[in-house]
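Novice: any chance you could fold what I've pasted below:
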Amino acid sequence: MPPSKTTARLAAALLGVACLAADAPIRRHRQPVALAGSPDGGWIFAANRRAGTVSAIDPKAGKIASEAEVGGEPVDLAALPGGRHLLAVDHAGDELVALSYRDGAVAVESRLGVAPGPAALAVASGGSGCVVASTGSRRLSVIGWGPDRGDGPLDPRLVRLIGLPFAPRLMACGRARSWSWPTPSAGGSRWSSPARGGLNRSGRSPATTSGGWPSRPTAGRW
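Specialist: Numbers count the residues shown, from 1 in each chain. Have a look, this model is predicted:
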């Protein structure tokens, strides 16, 4: 569930005074622009656009527990239902950044290139995929990461791009719709879709058709 107004104000206040706190891990102007709460309600996470970081806030203790260097300009943030992973959208780097958190310690796990100008993300029901909206290129990047890997790292893969006649911004993923994600090959350790690295800086996938769109992967279900 999205943080309440009271929770959002608390997080903003904590980040605003963090530079004055004796135990603040990083002293800088952060500019928090997005919030996400852990499924159990024990943690609040903030994406700090100017600082290029993600902060983990302990609402009970009323302080920042840790801060991870994401780089670029994180502009949106989401916590996955499993209680172990976060996703951040890096607007400057055109990337989706996967992070893990354990006892308030946040760390970057992987990065995936998405369509240029990413601004927002929406997580699919069940938490096994997401969609990133790119206002700059008017595209949606559909992303999946396959079966639950337990406590292992999240490994997002680009499924496909969807071009739009308008610049997308806010989104919601419903339950009725099913998308496809790349499924593992017969060996189980490699993926049948070669779009593992996402898009490069030109906005093209390493696996594309002549028209520049990702080739259709083997169908699976979120």
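Novice: give the buried residues for stretch 83-93.
Specialist: For stretch 83-93, burial by neighbour count (16 or more other C-beta atoms under 10 Å) applies to 84-91, 93. All C-beta atoms are positioned from the backbone trio N, CA, C, and that covers glycine.
Novice: kindly apply the preceding question to stretch 123-136 instead.
Specialist: Buried positions in stretch 123-136, judged by neighbour count with 16+ other C-beta under 10 Å: 123-124, 127-135.
Novice: farthest-apart pair in those, please.
Specialist: Greatest spatial distance in the buried residues of stretch 123-136: Ser128 and Thr135, 25.2 Å, computed using C-beta to C-beta.
Novice: adding secondary structure, write the buried residues of stretch 83-93 out as a markdown table.
Specialist: Putting those into a markdown table (DSSP: H, G, I helix; E, B strand; the rest coil) gives the following:
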| residue | secondary structure |
| --- | --- |
| Arg84 | coil |
| His85 | strand |
| Leu86 | strand |
| Leu87 | strand |
| Ala88 | strand |
| Val89 | strand |
| Asp90 | strand |
| His91 | coil |
| Gly93 | coil |
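Novice: right, and out of the buried residues of stretch 123-136, which lies closest to Ser38?
Specialist: Taking these together and measuring to Ser38 by C-beta to C-beta, the closest member is Gly127, at 12.6 Å.
Novice: could you check the pLDDT of the closest one?
Specialist: With respect to pLDDT, Gly127 scores 83.
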